[in-house]
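Student: mind looking at a prediction? Sequence and model below.
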Amino acid sequence: MSPAVSEELRHEVLEANLRIPRAGLATLTWGNVSGVDREAGVFVIKPSGVTYDVLTADDLVVVSLADGSVVEGHLRPSTDTETHRSLYLAFPSIGGVTHTHSTHAVAFAQARRPIPVLGTTHADTFNGPVPVTGPLTPEQCATDYEYNTGQVIVDLLDRDDTRAREVPGALVAHHGPFTWGADATASLEHAVVCEAVAEMALHTMALGPVEPPRHLLDRHFTRKHGPDAYYGNPSPA
């Protein structure tokens, strides 16, 4: 195991990556999760193109948060590594990032439409629509494409860390969803929710959605994430 990161972080990132296909969020190798150790100034990410059924903790790549160089690893990191790094640099609250090409969320991304809030399932996690970026410019695609992919998300959220905590995901136009959270596990769970609410939204829109009352949506978000949140139970000692 790498001296640059803890065994616990490696294990968490590995498990989060292995959950991508189990959750039905990936075809082939289309997905990746990372987790950051800000004190060490590095993050751990899935290697590029490695299938989930053979992925091990030793395959994970440790990358410098400062400059994107590989600190440790015998494989090349995910091609989306620079997108992850740009999000970590912009939003201090982020501890993990997940990217997938899950079918229903990608449908919204390809249509360049945000995922609308149509009910409480969505509002439990996202305090508002899951937003969608504009398309990258030719210049953004020509140079530092992956880093610029992160920057269009950063710009979409106005580099606002509070907004990033309340809406832990975004769609990159014509590409797909990126989600994040306090750690790698949370970022993966937000990807699962993003795909689920995208599928629900498509079915609802086919029927003809009715605008839900704002006070109901606010209540569902704050009971899980507000200052007086009461959802769930404390972890056992």
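Tutor: Cool, the structure landed.
Student: C-alpha only now, for contacts and for neighbours.
Tutor: Noted.
Student: so Arg112 versus Leu25, what's the distance?
Tutor: 20 Å (Cα to Cα, to the nearest Å).
Student: cool, and Thr103?
Tutor: For Thr103 relative to Leu25 (Cα to Cα), the value is 8 Å.
Student: which residues do those two both contact?
Tutor: Shared contacts of Thr103 and Leu25 (Cα atoms under 8 Å, 6 or more residues apart in numbering): Glu195.
Student: for these two, indicate the residue with more neighbours.
Tutor: Ranked by neighbour count (other Cα atoms under 10 Å), Thr103 and Leu25 place Leu25 first, with 21 against 17.
Student: and the longest helix for the protein?
Tutor: helix 184-207 (DSSP state H).
Student: buried stuff in that helix?
Tutor: 184-202 (16 or more other Cα atoms under 10 Å).
Student: three-state assignment of the closest residue to Glu195 other than its chain neighbours?
Tutor: Among residues not flanking Glu195 along the chain, Ala105 sits closest, at 5.3 Å (Cα to Cα, 6 or more residues apart in numbering). For Ala105, the assignment made with DSSP: H, G, I helix; E, B strand; the rest coil gives helix.
Student: I'd say Ala105 and His175 touch.
Tutor: No - between Ala105 and His175 there is no contact under Cα atoms under 8 Å: 9.7 Å.
Student: and those two? Which one has more around it.
Tutor: Ala105 (30 against 19).
Student: identify the residues contacting the more buried one.
Tutor: Applying Cα under 8 Å, 6+ apart, the residues contacting Ala105 are Ile115, Leu171, Gly176, Pro177, Cys194, Glu195, Ala198, Glu199.
Student: and with 7 Å instead?
Tutor: Gly176, Pro177, Cys194, Glu195, Ala198 (Cα atoms under 7 Å, 6 or more residues apart in numbering).
Student: how much space separates the third one from Ala105?
Tutor: Okay, so that is Cys194. From Cys194 to Ala105 the distance is 7 Å (Cα to Cα).
Student: next one: the second one
Tutor: Taken as Cα to Cα, the spacing of Pro177 relative to Ala105 amounts to 6 Å.
Student: show me where pLDDT drops low in this protein?
Tutor: 1-3, 237 (pLDDT under 70).
Student: tell me the bridge partners for the most centrally placed residue in it.
Tutor: Compute the mean C-alpha point of the chain, and by Cα atoms, centre = their mean the closest residue is Thr179, 1.7 Å away. For Thr179, the beta-bridge partners are Thr98, Gly169 (DSSP bridges).
Student: that one and His99 touch, don't they?
Tutor: Yes - using Cα atoms under 7 Å, Thr179 is in contact with His99, at 6.5 Å.
Student: ranges for the helices of this protein?
Tutor: Under DSSP H, the chain gives helices at 7-22, 81-90, 103-111, 120-123, 138-142, 145-156, 161-166, 184-207, 214-225.
Student: buried deepest among those helices, which one?
Tutor: helix 81-90 (a mean of 23; mean count of other Cα atoms under 10 Å).
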